[in-house]
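Undergrad: Give me coordinates for this.
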Amino acid sequence: MEFSTRFVRFNWIILVLIYLIVVAGSLVRITGSGMGCPDWPKCFGQWVPPTELAELPADYREAYLLKREKKVEKFCRFLNAFGMHETAVRIQSNPDVYVEEAFNVKKTWTEYVNRLVGFLAGNAMLIGFLWMLAVYRKRKYVLLMLLNLILMGIEGWFGSIVVATNLVPWTITVHLFLALVIIGIQLYLVYSMGRGSQTNLLLNRSMRMILWLILIITFYQMFLGTQVRESIDYLVKQGYSRTEWMDKIGIEFLIHRSFSWLVLILLAWMFWKNEQTTKYKIIRWTFVVLALELISGVLLAYVDMPGLVRTSHLIFASVLFGLMLFSVFQLKKNPSE
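TA: Prediction:
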């Protein structure tokens, strides 16, 4: 049984919603709104958050700090159960974990919108899963959609951990990893469901290897980028100015920058070969997104740019990862080999 056009389009909508979570999450990150809602899934104990301080009790900071301490304690017990004793000790001994921020209506609503987007995406995935189960009942797709639905739930739960630990750096990295896995599964679903209408990439062996290499480097670059961001955040907390970052940021930035140039060279070569022969649109678009990603990266590194550029940098990286992964799905051996 072929999938209906409506069903395939609905799964594309799910993919767009997942990407909107990345956009909303990056806005939360750059505006420092991660603690805008101190509890989860509600925000200040309400499904619709407050708009002014007068709506909160006078001792709200002490009350939510107590709740956070209990949640951190539970999470550390969870880590200890898996033998991650040192990690648990580091979290419990980190004073930043127990800092309760003052109410800020902009940060609260920024975080709230982020949660709303996640709620919409999660419910869309649930509808898609039930649709598949009721109409098509194809085992592979049922299992993949169920897996992605479970991962979305874990992602939401881990988001609460990120909040409870007051944005401990490595939890943000894990949060990103889960998001990329969810994107990857959803990309495969939309590719596989619409396989009959997809264009296959008939590339020779060297170009296929280069494409795989770029995908792997891009995946690694996204995590390295989070390490660079975490290092910058730490330096800002220590009171260092922007002009001092470059000298103190460490080797992560040098590796991140070097790999960026390597990806540019490899993809430029693929773009040149593509324009000479096959002229696949997806390779053209991948090169355009990479160029935008590098421009935003250069602006971030050397120019004092607004937070919008930081958001665009992560968005371009996520789209680049998606385009590369979709290209790998479309790969086919060239019959002329």
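Undergrad: what stretches of the stretch 201-337 of the chain score poorly on pLDDT?
TA: 242-244, 246, 304-308, 333-337 (pLDDT under 70).
Undergrad: need the helices for it, in chain order.
TA: 205-237, 242-248, 251-276, 281-302, 307-330 (DSSP state H, counting those that start in this stretch).
Undergrad: Just send these back as a markdown table, with distance to Gly45 too.
TA: No exception for glycine: its C-beta is placed from N, CA and C like everyone else's. Output for the helices of the stretch 201-337 of the chain, formatted as a markdown table (distance: least, Cβ to Cβ, whole Å):
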| stretch | distance to Gly45 |
| --- | --- |
| helix 205-237 | 29 |
| helix 242-248 | 38 |
| helix 251-276 | 39 |
| helix 281-302 | 37 |
| helix 307-330 | 29 |
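Undergrad: These: which one's closest to Met193?
TA: helix 307-330 (11.7 Å; Cβ to Cβ).
Undergrad: which parts of the closest one are buried?
TA: 309-330 (16 or more other Cβ atoms under 10 Å).
Undergrad: picking up where we left off before, and the helices of the stretch 201-337 of the chain: which comes nearest Leu176?
TA: With Cβ to Cβ, the closest approach to Leu176 among those belongs to helix 205-237: 5.9 Å.
Undergrad: so what secondary structure elements neighbour the closest one?
TA: Under the contact criterion of 3 or more Cβ pairs under 8 Å, 6 or more residues apart in numbering; DSSP states H and E, helix 205-237 touches helix 169-193, helix 242-248, helix 251-276, helix 307-330, strand 331-333.
Undergrad: Show me the one of those that comes nearest Val105.
TA: Nearest of those (Cβ to Cβ): helix 307-330, 17.8 Å.
Undergrad: quick one: that closest one to helix 205-237, angle?
TA: Orientation of helix 307-330 against helix 205-237 (axes from the mean of the first three to the mean of the last three Cα atoms, to 10 degrees) gives an angle of 160 degrees.
Undergrad: Can you give the contact residues for helix 307-330?
TA: Here helix 307-330 makes contact (Cβ atoms under 8 Å, 6 or more residues apart in numbering) with 19, 22-23, 26-27, 29-31, 180, 183-184, 187-188, 191-192, 198-201, 211-212, 214-215, 218-219, 221-222, 225, 282-283, 285-286, 289-290, 292-293, 296-297, 299-300.
Undergrad: Kindly report the same for stretch 190-203.
TA: 2-3, 7-8, 11-12, 15, 141, 211, 278, 280-283, 326-327, 329-335.
Undergrad: Domain boundaries for this protein, per the record?
TA: 1-195, 199-337 (automatic domain parsing).
Undergrad: how near is the nearest residue to Glu293 once chain neighbours are set aside to His85?
TA: Once flanking residues are discounted, Glu293 sits nearest to Phe316: 3.8 Å by Cβ to Cβ, 6 or more residues apart in numbering. Separation of Phe316 from His85 (Cβ to Cβ, to the nearest Å): 39 Å.
Undergrad: next one: Met145
TA: 36 Å.
Undergrad: low-scoring stretches of the stretch 1-150 of the chain, by residue?
TA: If you take pLDDT under 70 as the line, the stretch 1-150 of the chain has these spans: 1.
Undergrad: now the helices for it?
TA: 5-31, 60-81, 85-92, 105-131, 139-164.
Undergrad: give me every residue that touches Lys67.
TA: Taking Cβ under 8 Å, 6+ apart, one finds 38-39 in contact with Lys67.
Undergrad: I should have written Ile91 there, sorry.
TA: 72, 75-76, 79, 97, 165, 168.
Undergrad: Quick check: the gap between it and Thr171.
TA: Ile91 is 9 Å from Thr171, by Cβ to Cβ.
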